[in-house]
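Engineer: Show me the folded form of this:
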Amino acid sequence: MPEQHRTPPVETVETVETVETDVPRPGPGTPRKLAAVLLGLTAVVVLMLCAFALPGVNGGPHEVPIGVTGPRAAAQGFEQKLDGPEWDVTVYEDTDALTTAIREREVAGGLALGTGGIDVYTATAGAPTATGALTALGNAAAAQQQAKATVHDLVPFPGDDPRGAGLAAAGLPLVFGGIFPAVVLTRLFPGHSGLRTRFAGVVLFSLLAGLAVAGCLQYGTGSLAGNHWLTGLGLGLGMAALSMTFIGLEALAGFAGLGAGAAVMMLLGNPLSGLGSGPHWLPSGWSTLGQVLPPGASGSLLRSLAFFDGTGAAVPVLTLAAWVALGLVLLLIADRRAGRTPAPGL
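Structural biologist: Next up, the predicted model:
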C-alpha cells in the first residue's frame with residue numbers, strides 16, 4: 001500500500017492584544033497640590049489650638065474695673081498700690097455708691113476698707129473669674145491687717161447653676177445656631193430666586209431658636225434669671241447677626257465665603273467671647289475684638305438681660321444690629337449683581 005504522507009499539524013500562535021485601560025495617573029502638579037493641602041490643614045489645626053489655648057494661657061486680670069471705699073487715706077493708698085495693668089481702681093465715697101456702681105456694671109466688684117475688717121463686694125454673674133481674683137485680693141489685704149474678709153455677692157448666678165456652667169456652655173450652640181440655618185437654607189433655597197426665602201427663614205429661625213434656647217437655659221438647667229421673653233429676643237438677635245452675615249457671604253462669594261465667615265466665628269469669636277470668664281480676663285486687645293464679634297456681643301447682651309435688668313445692653317445690641325445690617329447689605333449687593341447678569345443664551 002502506498003505510504004500516506006501526513007501533513008504535520010500547524011501550530012497556531014494566539015496573539016494576545018493588550019487593551020489599555022484608562023487608569024487615571026497623577027498629573028504633574030498633584031504632589032505639589034497635595035503638599036499645599038496638607039500644609040493648609042496643618043495650619044488650620046495649629047490656628048485652632050492657638051485660638052482656644054492662648055486666651056487661657058494668657059488669661060488673668062487685665063485692667064479689671066474695681067472700686068474701693070473706706071477712710072480716704074486708706075482708700076487712696078489702696079488705689080495707688082493696685083492701679084495698673086491688672087486693676088483699674090476707682091475710689092467711691094461710701095459703700096452705697098460702690099454697690100450701686102457694681103449693680104450698674106460700672107465696676108466688676110470692689111472692696112470696702114474698715115477697721116474691723118474688709119468687705120468684698122462681687123457680681124459673679126457679670127465676671128466669674130474676676131470675682132475669684134478679687135476675693136483672693138480681699139483676703140490677702142485682710143490678712144495683712146490681721147482682720148477678716150467678708151464676701152457679699154450682689155449679683156450671683158441662680159442657685160440651680162451657681163458656677164454659671166450653662167452660660168459658659170452656650171458659646172458653641174450660639175455659633176452653630178448661626179451656621180446651621182445658613183447652610184440648610186442655602187441648600188434648600190439656592191440661587192437668586194431663593195434670597196428672600198433665605199432671609200425670611202433666618203429671621204423666623206432666630207426668633208424661634210432664641211426663645212427655645214432661653215427657655216432651656218432658664219427653665220431646664222436653671223442657668224438664667226430675668227425675663228424669658230427679653231432674654232430670648234436677645235439670643236435671637238445674636239443668632240440673626242451670625243446667620244444673616246453667613247447667608248450674605250454665601251450669596252456674594254458662594255460656600256467659600258460662608259466657610260470663611262464660619263471659620264472666623266469658630267476660631268476667634270467663640271474663644272474670645274468671654275462667656276465663661278467675663279471679658280476682663282482676656283488681654284485688652286483680644287477682649288475688644290471678642291466683644292466686637294457676634295459671639296462676644298451676644299454673651300454680653302445675655303448677661304445684661306438675664307442678671308442686670310438690661311443694664312449695659314445698649315452697646316451689644318448696637319453691635320449685633322450692625323452685623324445684621326452687614327448681612328443685609330451683602331444680600332442686596334448679591335441680589336443686584338445677580339439681577340444685572342444676563343440670562344444664558346441672551
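
Engineer: Name the helix or strand of the chain that has the lowest mean pLDDT.
Structural biologist: helix 30-57 (a mean of 75; mean pLDDT, DSSP states H and E).

Engineer: What's the first helix or strand after that helix?
Structural biologist: strand 64-69 (DSSP states H and E).

Engineer: counting contacts, what elements does the least confident helix or strand of the chain pack onto?
Structural biologist: Helix 30-57 is packed against no helix or strand, with contacts defined by 3 or more C-beta pairs under 8 Å, 6 or more residues apart in numbering; DSSP states H and E. Using the backbone N, CA and C atoms, a C-beta is placed for each residue, glycine as well.

Engineer: Would you map the helices across the stretch 1-150 of the chain?
Structural biologist: Using DSSP state H, counting those that start in this stretch, the helices of the stretch 1-150 of the chain run over 30-57, 72-82, 95-103, 128-144.

Engineer: Show me which residues of the third one are buried.
Structural biologist: The neighbour-count check on helix 95-103 (16 or more other C-beta atoms under 10 Å) flags 95, 98, 99, 101, 102, 103 as buried.

Engineer: So what's the gap between it and the chain middle?
Structural biologist: 30 Å (C-alpha atoms, centre = their mean, to the nearest Å).

Engineer: relative orientation of that helix and strand 64-69 in degrees?
Structural biologist: 170 degrees (axes from the mean of the first three to the mean of the last three C-alpha atoms, to 10 degrees).

Engineer: So for helix 95-103, mean pLDDT?
Structural biologist: For helix 95-103, the mean pLDDT works out to 93.

Engineer: Check what pLDDT residue 66 gets.
Structural biologist: Residue 66 carries a pLDDT value of 90.

Engineer: and it, what are its bridge partners?
Structural biologist: residue 89, residue 109 (DSSP bridges).

Engineer: Spit out the contact partners of it.
Structural biologist: Each residue near residue 66 by C-beta atoms under 8 Å, 6 or more residues apart in numbering is listed here: 82, 87, 88, 89, 90, 107, 108, 109, 110, 111, 134.

Engineer: As CSV, these with neighbour count and pLDDT would be great.
Structural biologist: Formatted as CSV, those follow (neighbours: other C-beta atoms under 10 Å; pLDDT from 0 to 100):
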residue, neighbour count, pLDDT
82, 16, 82
87, 23, 87
88, 19, 88
89, 22, 89
90, 18, 89
107, 24, 92
108, 29, 90
109, 30, 91
110, 30, 91
111, 25, 91
134, 25, 90
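
Engineer: returning to what we had before: turn the helices of the stretch 1-150 of the chain into JSON lines, including distance to residue 229.
Structural biologist: Listed next are those as JSON lines, based on distance: least, C-beta to C-beta, whole Å:
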{"stretch": "helix 30-57", "distance to residue 229": "33"}
{"stretch": "helix 72-82", "distance to residue 229": "41"}
{"stretch": "helix 95-103", "distance to residue 229": "22"}
{"stretch": "helix 128-144", "distance to residue 229": "25"}
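
Engineer: for those, which one sits closest to residue 275?
Structural biologist: Nearest to residue 275, of all the helices of the stretch 1-150 of the chain, is helix 128-144, at 9.7 Å by C-beta to C-beta.
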